[in-house]
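Visitor: Let's see this in three dimensions:
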Amino acid sequence: MVHQFPAAETDVRSLTFFCLKTEIPQLEPGTGNTKGAQETKEESYSSLSEDDNSTDSGNESSPSQRRKDLSPGCVPSAGCIAAARRRRHLARTRADYLPLDVSNDCQVSQRRESSDLEDEDESDRNNLRFVPKMRAFRHRMAEHMVPVSDESSEDEAETKWEEQQIKKAVKLPQVIHEAYSDGSLCKAPPAKPTFDPCVSLPPVNLETIKKQLTERIASLQDVHRAHQREYEKHMEDIESSKITVQKLEESSDAAMNYKFYRGMKTYVENLVNCFNEKLKYINELESAVHALLQQRAMSVLKRRQDELKMEATYMQHLTTGNGKPTNDGLESDEKMKLLKACEHRRTCRRQLRERSQKAGHHEGMSSDEELTLPELTEFQKSKDNILEESKKIFEDVHEDFCDIRKILLKFQEWKEKFPDSYCDAYISFCLPKLLNPLIRVQLINWSPLERNSTDLEEMPWFRAVEEFSDAKKSKRDDDRDEEVLSRVIEKTILPKITVFVKNVWDPLSTSQTENIIQLCNNMFEKQVLSRNECSRAKQDLINAVVLRMKKSVEEDVFIPLYPKSTVEDKSLPCSEFQERRFWSAVKLLSNVLLWDGIVQEDTVRDLGLSKLLNRYLLLNLFNTAPGAENIEKCKEVVACFPQRWFQNLGNGSTLPELRNFCQHLLQCARVLHRNNRSDETEEVILLLVKVKALRIVEDFIEEYKLEHLKSVIRK
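Guide: Reported below is the predicted structural model:
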């Protein structure tokens, strides 16, 4: 329970307490703020001395005069305290203000001073944020006071509270004042640790001490071992650094080496940038040349197929119309002009063969690929324009960046000076791709199908790469410079040949086929492949050859069958047309079988024997009467067969694909023997021996008792 004071008394006590608390703030423990405490206490003593002087003298005095009466650090006298009590008593009786003097003359001035103090008090409270509110002081004051029910207990509590406040205000400044007056040190001595004998320590024995020492020794040993390892590592680093420094000191040309590497790096970067810039034009020109050649090849092929269809239709109408063509549009001027043009080209080729005295040629075995004069002129003009543009590609490039020989000399110098770094950089694998643009430019006018085309071995790039590959090899096992030429062939030459095979090559042309086969054999011999490695470029080329031959067998082979009465007279157009188509198929058979050794044997035998011989040629041979003509046709067919197919045959049997052909030869031999044509019979027997049909020959000799022919078998 808190005692409720009257309003005047509450204001006086609050004012007094506020003055004390404002002028003398509480010190926090351990802060050491003695100077501030001394100043606040001096101000509180000044206020108390003012009250005392005003009470004793009874006259009004200024606040500065009252503060001057009390010196700092002095305790208010009992008179001051009694005067303060009397003022509080008067305030309680009047209950409106607290006069500072008991005389009536000074009431107005005292009231004005009281209001000034209140204003000053209010401003102090606003300025000092660390001062608590009045309500907090009142509550705190009420907590320290003992609750009473009458006025006497209230006075005692008030007296007790005043004494406590005075003690708080006086205690610390007196101690500080005495310390300064005695000349003692301002700083208190540090507190010494005290030992409390009541505290019990853990028992100590020998085992505990030994255990602690052992653990300490083990810990130190671990640290020592770690330091020892670190020391050894540092010593190794020092030795390694010494060796490195010694090597660097011994190599006096380190700056020259750095200069070489730096120059080589710059050279390669410039070379690659140059090729990247020119590659676009190279591709365009190369595509233009291939498109021009493909256009010519397609036009020749289309003309031949169209002429074949028109001629076959014309012959069919001749046979069905008793030699008179029907009126179905075939007599149109355009179609007749095509047939006449075809016959004219055929006549020109025949006359050319007669002048060259070429023997063993049959009508239909020549390649009808001649161009007219306007077509040839336009083709040559377009090709010359492309070649002229190709010469301008590297016109603005220095020789060091467009001459293959000089480029290879740069890398050869690198290899001779620094073989280890040369091999580690895999230059042997990079050179084929790096030289690809320059080689393709030189191959723009080259065709693997033409006989008058420049041989690869005679080209400057080929000789330069070959010399580089044959140069002195370094001591390292991973030096692959001898494979540079083979890799150039694989990366550049074989893909170009594949493009020609797909788009330009005509399997019916013997000259084109022989040229490309010879070129492939030469390239495959020079192409040194790594062990157990299958060249992808080579396989792509072989696949393209097989696809092109299959297409030719399906589209270009046509052998019509006419009645015997129509073909007996060799001067009739139908007979001539049939003969031309037969020899054209024989020519294709020969060209297909030339690929033996490059294309797989099973594929060649399937195309040449199963599809061409058994499906087309045998039908014509069966319809041809046994005799010189039939034997000549069989000889030409047998001459196309590769001899190695018959080297490892056993049991006197021939190839499975040749059984029907051998039966046809046997039938011809029997007919000829019955007609007493022994010479022709012997020729047929020789053909059977060539294809290793020895069992058929033995049975024939045994059947007809031809003992004189046994010598033929032994050959």
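Visitor: tell me which element the spatially most central residue of the chain is part of?
Guide: Nearest to the geometric centre of the chain sits Cys430, at 18.5 Å (C-alpha atoms, centre = their mean). Using DSSP states H and E, Cys430 maps to helix 427-442.
Visitor: buried ones in that helix?
Guide: Buried residues in helix 427-442, counting neighbours by 16 or more other C-beta atoms under 10 Å, are found at 427-428, 431-432, 434-442. Using the backbone N, CA and C atoms, a C-beta is placed for each residue, glycine as well.
Visitor: Show me what it packs onto, helices and strands only.
Guide: Contacts defined by 3 or more C-beta pairs under 8 Å, 6 or more residues apart in numbering; DSSP states H and E place helix 427-442 against helix 254-320, helix 404-417, helix 460-469, helix 484-488.
Visitor: what about these, which gets the closest to Val671?
Guide: Evaluated over the helices and strands packed on helix 427-442, closeness to Val671 peaks at helix 254-320, with 27.2 Å, by C-beta to C-beta.
Visitor: Following the chain onward from that closest one, which element is next?
Guide: Helix 254-320 is succeeded, C-terminally, by helix 333-356 (DSSP H and E).
Visitor: chain center to that following helix: distance?
Guide: Relative to its chain's centre, helix 333-356 lies at 61 Å (C-alpha atoms, centre = their mean, to the nearest Å).
Visitor: For the stretch 51-200 of the chain, give me the ranges with low pLDDT.
Guide: Applying pLDDT under 70 to the stretch 51-200 of the chain flags residues 51-75, 93-153, 170-199.
Visitor: Please enumerate residues in contact with the helix or strand in which Asn385 is found?
Guide: Here Asn385 sits within helix 373-390, counting by DSSP H and E. For helix 373-390, contacts defined as C-beta atoms under 8 Å, 6 or more residues apart in numbering pick out Tyr281, Leu285, Ala288, Val289, Leu292, Arg296, Ser299, Leu371, Val441, Ile444, Asn445.
Visitor: Buried residues of it, list them for me.
Guide: Buried positions in helix 373-390, judged by neighbour count with 16+ other C-beta under 10 Å: Phe379, Ser382, Lys383, Ile386, Ser390.
Visitor: Would you mark the buried spots in the strand or helix carrying Glu682?
Guide: Assessed by DSSP H and E, Glu682 sits inside helix 678-690. Residues Glu680, Thr681, Glu682, Glu683, Val684, Ile685, Leu686, Leu687, Leu688, Val689 are the ones in helix 678-690 that count as buried (16+ other C-beta under 10 Å).
Visitor: Output the contacting helices and strands for that helix.
Guide: On a contact count with 3+ C-beta pairs under 8 Å, 6+ apart, helix 678-690 meets helix 628-639, helix 659-674, helix 694-704, helix 710-714.
Visitor: Tabulate these (JSON lines), appending mean neighbour count.
Guide: Converted to JSON lines, those look like this (neighbours: other C-beta atoms under 10 Å):
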{"stretch": "helix 628-639", "mean neighbour count": "17"}
{"stretch": "helix 659-674", "mean neighbour count": "19"}
{"stretch": "helix 694-704", "mean neighbour count": "16"}
{"stretch": "helix 710-714", "mean neighbour count": "11"}
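Visitor: would you turn the ones you listed into TSV with mean pLDDT and distance to Gly79?
Guide: Listed next are the helices and strands packed on helix 678-690 as TSV, based on pLDDT from 0 to 100; distance: least, C-beta to C-beta, whole Å:
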stretch	mean pLDDT	distance to Gly79
helix 628-639	93	160
helix 659-674	93	159
helix 694-704	89	165
helix 710-714	74	170
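Visitor: among the ones you listed, which is nearest Leu593?
Guide: helix 628-639 (9.9 Å).
Visitor: what residues does that closest one touch?
Guide: Helix 628-639 is touched from outside by 582, 586, 589-590, 613, 617, 620-621, 624, 661, 664-665, 668, 680, 683-684, 687, 690-691, with contacts defined as C-beta under 8 Å, 6+ apart.
Visitor: List the contacts of the residue lying closest to Leu666 once chain neighbours are set aside.
Guide: Once flanking residues are discounted, Leu666 sits nearest to Ile696: 5.6 Å by C-beta to C-beta, 6 or more residues apart in numbering. By C-beta under 8 Å, 6+ apart, the contact list for Ile696 reads Cys662, Leu666, Leu688.
Visitor: Model confidence score at the last one, please.
Guide: The predicted local distance difference test score for Leu688 is 93.
Visitor: what sits against it?
Guide: If a contact means C-beta under 8 Å, 6+ apart, then Leu688 has Cys662, Leu665, Leu666, Ala669, Leu694, Ile696, Val697, Phe700 as its contacts.
Visitor: and if you look at the first one?
Guide: In this structure, Cys662 makes contact with Thr654, Leu688, Val691, Ala693, Ile696, judged by C-beta under 8 Å, 6+ apart.
Visitor: Against Thr208, how distant is Lys417?
Guide: Lys417 is 75 Å from Thr208, where distance means C-beta to C-beta, to the nearest Å.
Visitor: more crowded one of the two?
Guide: Neighbour comparison, Lys417 and Thr208: the larger count goes to Lys417, with 15 against 11 (by other C-beta atoms under 10 Å).
Visitor: So that one sits against Phe260, correct?
Guide: Yes. With contact defined as C-beta atoms under 8 Å, Lys417 reaches Phe260; the gap is 6.7 Å.
Visitor: quick revisit: now distance to Glu399 too, for the contacts of Ile696, in TSV please.
Guide: As requested, these are exported to TSV (distance: C-beta to C-beta, whole Å):
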residue	distance to Glu399
Cys662	65
Leu666	71
Leu688	66
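Visitor: Out of those residues, flag the one nearest to Gln647.
Guide: Leu688 (16.6 Å).
Visitor: Number of residues surrounding Leu609?
Guide: Neighbours of Leu609 under the rule other C-beta under 10 Å: 25.
Visitor: what stretches of this structure score poorly on pLDDT?
Guide: Within the chain, the stretches with pLDDT under 70 are 1-75, 93-153, 170-199, 250-252, 321-333, 357-361, 527-534, 714-715.
Visitor: Break it down into its structural domains.
Guide: 7-182, 254-489 (automatic domain parsing).
Visitor: one step back: how close does the residue nearest to the centre of the chain get to Asp481?
Guide: Shown here: Cys430 relative to Asp481, a distance of 12 Å by C-beta to C-beta.
Visitor: ditto for Gln380
Guide: With distances taken as C-beta to C-beta, Gln380 is found 41 Å from Asp481.
Visitor: got it, and Lys211?
Guide: Counting by C-beta to C-beta, the separation of Lys211 from Asp481 is 74 Å.
Visitor: Looking at the two, which is more packed in?
Guide: Asp481 (22 against 11).
Visitor: Which residue is the nearest non-sequential neighbour of that one?
Guide: Here the nearest residue to Asp481 in space, its sequence neighbours aside, is Ser428; by C-beta to C-beta, 6+ apart that works out to 5.2 Å.
Visitor: Now do the contacts for that neighbour.
Guide: Applying C-beta under 8 Å, 6+ apart to Ser428 gives the contacts Asp479, Arg480, Asp481, Glu483, Val484, Arg487.
Visitor: I'd like the residues you listed written out as TSV, with distance to Trp161 added.
Guide: Putting these into TSV (distance: C-beta to C-beta, whole Å) gives the following:
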residue	distance to Trp161
Asp479	110
Arg480	109
Asp481	112
Glu483	113
Val484	113
Arg487	112
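Visitor: Nearest to His362 among those?
Guide: The closest of the contacts of Ser428, once distances to His362 are taken by C-beta to C-beta, is Arg487, at 44.5 Å.
Visitor: how close does the closest one get to Glu286?
Guide: Counting by C-beta to C-beta, the gap from Arg487 to Glu286 is 20 Å.
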